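Novice: With the sequence up front, the predicted model follows.
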Amino acid sequence: MNHISAAILAGGRATRLGGADKASLVVGGRRILDRQLAALGSVASDIRIIANEPARYAECGVPVFPDAVPGAGPLGGVYTALLAARHDTVLVLACDLPFVTAAFLERLAAESLAEDVDAVVPRGGRGLEPLCAVYRTRCAAVARRQIDAGELRMTALLGALRVRELERDGALAAEDEGTLFENVNTPHDYARARSRVAPDEKPFKDRITE
């Protein structure tokens, strides 16, 4: 997949996790960030991290870019990822998704080959997942117009693009769709994610104070 760039969005403030660095939380003995880098390695030849504290991820061996427009939320992260990408097709991934797999990301990237769409977005149990999706770099202009207008909703961005939905079909079910898009936003989420693979890890309150 040499035509694919990828970006892990790690610029959020994680207020519901007490300001913890979600990308560095450990699930199954590895940081979420390391799990994602491993999965993306078979999909993308150009991987970036979008984060406002670049030094925190300096040891990861991939470039780190701060938000091009501070305070623009996830939309700003997507916008920055599109600006920083080396290739025309960019897979963006929120840093709080510990269970995305290489097989699923490869399928998502393969769906992006069509030229008649601006984005490929999977549909999970909660609806569309715009922070585990593929965008063309031409979407940056649309994202910037929305940022300048103060319209920061990801749903608004999708509404302005030609989107191909990756439906919940048999292949998606085979990827365990029940956990594929499970994210870590709260201490409860984190405890649940760890219990799926490593129930004996330290409690959340101990992890974030180390």
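Specialist: That came in fine, so what should we check first?

Novice: what bits of the chain have low per-residue confidence?
Specialist: Residue ranges of the chain with pLDDT under 70: 1-2, 12-19, 168-178, 198-210.

Novice: The most centrally placed residue in the chain bridge partners, please.
Specialist: Nearest to the mean C-alpha position of the chain, counting by C-alpha atoms, centre = their mean, stands residue 93 at 1.5 Å. Going by DSSP bridges, residue 93 is paired in beta bridges with residue 8, residue 132.

Novice: now it: how far from residue 146?
Specialist: Using C-beta to C-beta, to the nearest Å, one gets 21 Å for the distance from residue 93 to residue 146. (C-beta placed from N, C-alpha, C; glycine too.)

Novice: Ok, residue 123 next?
Specialist: For residue 123, the distance to residue 146 (C-beta to C-beta) stands at 22 Å.

Novice: Looking at these two, which has the bigger crowd around it?
Specialist: Between residue 123 and residue 146, counted using other C-beta atoms under 10 Å, residue 146 has the larger neighbour count: 20 against 16.

Novice: Which helix or which strand is home to that one?
Specialist: helix 139-148 (DSSP states H and E).

Novice: still on that earlier bit, give the contact list for the residue nearest to the centre of the chain.
Specialist: Shown in contact with residue 93 (C-beta atoms under 8 Å, 6 or more residues apart in numbering): 6-9, 36, 40, 100, 105, 131-132.

Novice: Could you rerun that using 6 Å?
Specialist: Contacts of residue 93 were listed using C-beta atoms under 6 Å, 6 or more residues apart in numbering, and they are 8, 36, 132.

Novice: quick check, nearest of those to residue 86?
Specialist: Proximity of the contacts of residue 93 to residue 86 was ranked by C-beta to C-beta; the top entry is residue 8 with 15.2 Å.

Novice: Please enumerate the strands of the protein.
Specialist: Under the criterion DSSP state E, strands of the chain are mapped to 4-9, 26-27, 30-31, 46-50, 64-65, 89-94, 119-124, 127-128, 132-136, 163-166.
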